[in-house]
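S.K.: The following comprises the amino acid sequence and a computationally predicted model.
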Amino acid sequence: MFESLSDKLKRTLKSLRGEGVLTKEHVDAALREIRLALLEADVNYKVAKDFIASVKEKAEGQQVWLELKPSEQVVKIVFDELVELLGGQSSRLVFTKTSPNVVMIVGLQGSGKTTSTGKIARWLAQNQERKPLLLSTDVYRPAAREQLRVIAKATGQSIFEKPETNDPIELARSALQHARDTGYDTLLIDTAGRLHIDDELMEELVTIKSETHPVEILFVADAMTGQDAVRSAEEFHARIGITGVVLTKMDGDARGGAALSIKQVTGQPVKFVGVGEKYDALEPFYPDRVAQRILGMGDVLSLIEQVQDKIDQSDAEAQLEKLQRNQFSLDDFRSQLRQVKKLGSFSKILKLLPDQLLGGVGMPDLTDEQSEMMEKELKRTEAIIDSMTREERMNHMILNANRRRRIARGSGTTVAQVNSLIKQYTEMRRMMQGMFSGGGLRGKMMRRMAGMQGMEGGGGDPMMAGLPAGLPGSSRKKKKKKKRRR
């Protein structure tokens, strides 16, 4: 997401850091590069032009922060303008006390409307404690209603069906009445789409709108179509009045032109983004967090939310207690590796961390090959531990040469790789024991960091347990220690 734009902006802003005093020439040169980066990211030409004009006005004006260096001032201005460009504040779905609230899902055919309808219903049920009912009024596309039925079942949501009628307006009326009668507080209507915008489609949508009085009309657009998505959103807004946008396939869009343009062109915010094919791959759109990612500042809040959602807090607390008592076994180590895997690929996790936290080594920009190599390393580590008996996992001290050879054969690895894992594990145990013992400052800090799991769902413990042998987690620290000794 935004990889191309992010790389160019970070390089451009980094070039300003060596300047003690920024002149008009420095700023103009940087803005030329930023403008080019925006256009290459498929941002609307007028939007890019206005963005540059606003940044230039503030950078050359009197808006000076005494605590910031000149280059940092420009970064601050660019960040603020990016947040504004992306929509300013995060926009949630707005519901009223009247029940049921109707949400219309509209868009062109093939944009991902039906899948997004199911994802949104699941998200509302899990995150806003809503009780949604799904309805498909797409009576034209073959198997459209069957598709929504399958999605409703997969996401555990209810669906209203009336096979005997093919009238979209009658379906909407009946579903609305059914929702009232049975206690559903939200009705999500998956409407019909076309390959292009036509009067017949718009008239149908206007009629459904007048019959159901929706509180939200969400336009679903394929982010990878760029400015075509923006133009379609503008047309739908002019004809029926959308209240927000859902951008699908954001995980495959390296440019991000639609997300950067749509708010400025239509005046309506992006409310959700689809970041994968799974039904939980839907995220609320936070302009400030996206701007932070683009400029290499990371997105720690999103990482915390993912940890909170996918890592079992009771397990993490139990493992923390074992670390404190120096009873952390290879079985626990394997359990933590599996929890880390739930967060997604390493490249995805590292992109949520600030560049500075990673020592400026470019870790958030892992190539697919590097990420794949790290994933293989993690699987190999897990395979080695899986090849041990329970007794061996609980007590690594019994792992003699014969046992290690057997484990290597069983896991398809070498004895050297088994030895490397055991060595890393024992070093990690020794380090953690030193940190937790003595009650000194380091021990207190460690307990505070680990306590983030309970305080704010930070999940510090699983992430701190160490990475598999050969991954960049511990090797970088070892190199730094060697340099200090020299």
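M.R.: Yep, that arrived.

S.K.: can you map out the strands along the protein?
M.R.: If DSSP state E is used as the criterion, the strands of the chain fall at 101-106, 132-136, 158-159, 186-190, 216-222, 244-248, 270-274, 282-284.

S.K.: could the ones you listed be laid out in CSV, adding mean neighbour count?
M.R.: In short, each C-beta sits where N, CA and C put it, glycine included. Rendered in CSV, the data for those read as follows (neighbours: other C-beta atoms under 10 Å):
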stretch, mean neighbour count
strand 101-106, 25
strand 132-136, 27
strand 158-159, 19
strand 186-190, 27
strand 216-222, 25
strand 244-248, 27
strand 270-274, 24
strand 282-284, 19
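
S.K.: need those in a markdown table with distance to E57 and mean pLDDT, can you?
M.R.: Compiled in a markdown table, the strands of the chain are given as follows (distance: least, C-beta to C-beta, whole Å; pLDDT from 0 to 100):
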| stretch | distance to E57 | mean pLDDT |
| --- | --- | --- |
| strand 101-106 | 37 | 94 |
| strand 132-136 | 45 | 94 |
| strand 158-159 | 52 | 94 |
| strand 186-190 | 43 | 95 |
| strand 216-222 | 31 | 92 |
| strand 244-248 | 28 | 90 |
| strand 270-274 | 26 | 89 |
| strand 282-284 | 31 | 88 |
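
S.K.: What count of nearby residues applies to the residue nearest to D42 when sequence neighbours are not counted?
M.R.: By the measure of C-beta to C-beta, 6 or more residues apart in numbering, the closest residue to D42 outside its immediate chain neighbours is G257, 2.9 Å from it. Residues lying near G257 (other C-beta atoms under 10 Å) number 27.

S.K.: cool, and Y279?
M.R.: The local packing of Y279 (other C-beta under 10 Å) involves 17 other residues.

S.K.: close enough to count as contact, it and G156?
M.R.: No. Here Y279 lies out of contact with G156, judged by C-beta atoms under 8 Å, at a distance of 9.4 Å.

S.K.: if I look at A144, how far off is K162?
M.R.: A144 sits 14 Å away from K162 when distances are taken as C-beta to C-beta, to the nearest Å.

S.K.: Likewise for K423?
M.R.: From K423 over to K162 (counting by C-beta to C-beta), the distance is 66 Å.

S.K.: Can you give me the neighbour number for R393?
M.R.: Neighbouring residues of R393 were enumerated by other C-beta under 10 Å; the total is 18.

S.K.: ok, now which ones touch it?
M.R.: With contacts defined as C-beta atoms under 8 Å, 6 or more residues apart in numbering, R393 is in contact with S329, L330, D331, R334, I385.

S.K.: In TSV: those residues, plus distance to M397.
M.R.: Below are the contacts of R393 laid out as TSV (distance: C-beta to C-beta, whole Å):
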residue	distance to M397
S329	11
L330	11
D331	14
R334	17
I385	16
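
S.K.: Closest one of those residues to T212?
M.R.: Checking the contacts of R393 against T212 by C-beta to C-beta gives R334 as the nearest, at 51.6 Å.

S.K.: Nearest residue to the closest one in space, please, no chain neighbours.
M.R.: Nearest-residue entry for R334: I385, 4.4 Å, with adjacent residues in sequence omitted and distances by C-beta to C-beta, 6+ apart.

S.K.: Show the contacting residues for the one you found.
M.R.: Contact partners of I385, counting by C-beta under 8 Å, 6+ apart, are L330, D331, F333, R334, R393, L421.

S.K.: Would you quantify the distance from the residue nearest to D42 to P284?
M.R.: For G257, the distance to P284 equals 21 Å [C-beta to C-beta].

S.K.: cool, S158 as well?
M.R.: To P284, S158 is 23 Å away according to C-beta to C-beta.

S.K.: just to revisit the earlier point, state the pair within the contacts of I385 that is farthest apart.
M.R.: Taking C-beta to C-beta, the two most distant members of those are D331 and L421; they sit 13.6 Å apart.

S.K.: The two: which is more packed in?
M.R.: L421 (24 against 14).

S.K.: Please tell me I have it right and the more buried one contacts E382.
M.R.: No. The pair L421 / E382 is not scored as a contact, 10.2 Å apart, by C-beta under 8 Å.

S.K.: and Q109, how many neighbours does it have?
M.R.: Residues contacting Q109 under the criterion other C-beta under 10 Å number 15.

S.K.: what sits against the nearest residue to it once chain neighbours are set aside?
M.R.: Nearest in space to Q109, with sequence neighbours left out and distances taken as C-beta to C-beta, 6+ apart, is G193 at 3.7 Å. G193 is in contact with V106, G107, L108, Q109, G110, S111, K113, D138, R141, L201, counting by C-beta under 8 Å, 6+ apart.

S.K.: For the second one, what are phi and psi?
M.R.: Note on G107: backbone dihedrals following degrees, to the nearest 10 are phi 150, psi 180.

S.K.: The third one too?
M.R.: Listed backbone geometry of L108 is phi -80, psi 160, with angles given as degrees, to the nearest 10.

S.K.: any idea how far A144 is from it?
M.R.: The span separating L108 from A144 equals 14 Å under the rule C-beta to C-beta.

S.K.: More neighbours: those two, which one.
M.R.: Just comparing L108 and A144: by other C-beta under 10 Å the higher neighbour count belongs to L108, 23 against 19.

S.K.: Tell me which helix or strand in the protein has the weakest average pLDDT.
M.R.: With mean pLDDT, DSSP states H and E as the measure, the helix or strand of the chain carrying the lowest mean pLDDT is helix 460-464 (a mean of 35).

S.K.: burial measure for the nearest residue to A48 once chain neighbours are set aside, as a count.
M.R.: Closest residue to A48 in three dimensions, ignoring its sequence neighbours and counting by C-beta to C-beta, 6+ apart: L38, at 4.1 Å. Other residues lying near L38 total 26 when counted by other C-beta under 10 Å.

S.K.: cool, T114 as well?
M.R.: That count, for T114 with other C-beta under 10 Å as the rule, works out to 23.

S.K.: can you check E203 too?
M.R.: The number of residues packed near E203 is 12, by other C-beta under 10 Å.

S.K.: So it versus D190, what's the distance?
M.R.: For E203 relative to D190 (C-beta to C-beta), the value is 18 Å.

S.K.: got the residue ranges for the helices in the stretch 151-300 of the chain?
M.R.: Under the criterion DSSP state H, counting those that start in this stretch, helices of the stretch 151-300 of the chain are mapped to 168-182, 199-212, 227-240, 257-266, 287-294, 300-310.

S.K.: Quick one: these as a markdown table, columns for distance to S91 and mean pLDDT too.
M.R.: Putting the helices of the stretch 151-300 of the chain into a markdown table (distance: least, C-beta to C-beta, whole Å; pLDDT from 0 to 100) gives the following:
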| stretch | distance to S91 | mean pLDDT |
| --- | --- | --- |
| helix 168-182 | 24 | 93 |
| helix 199-212 | 20 | 91 |
| helix 227-240 | 15 | 88 |
| helix 257-266 | 9 | 80 |
| helix 287-294 | 9 | 78 |
| helix 300-310 | 17 | 56 |
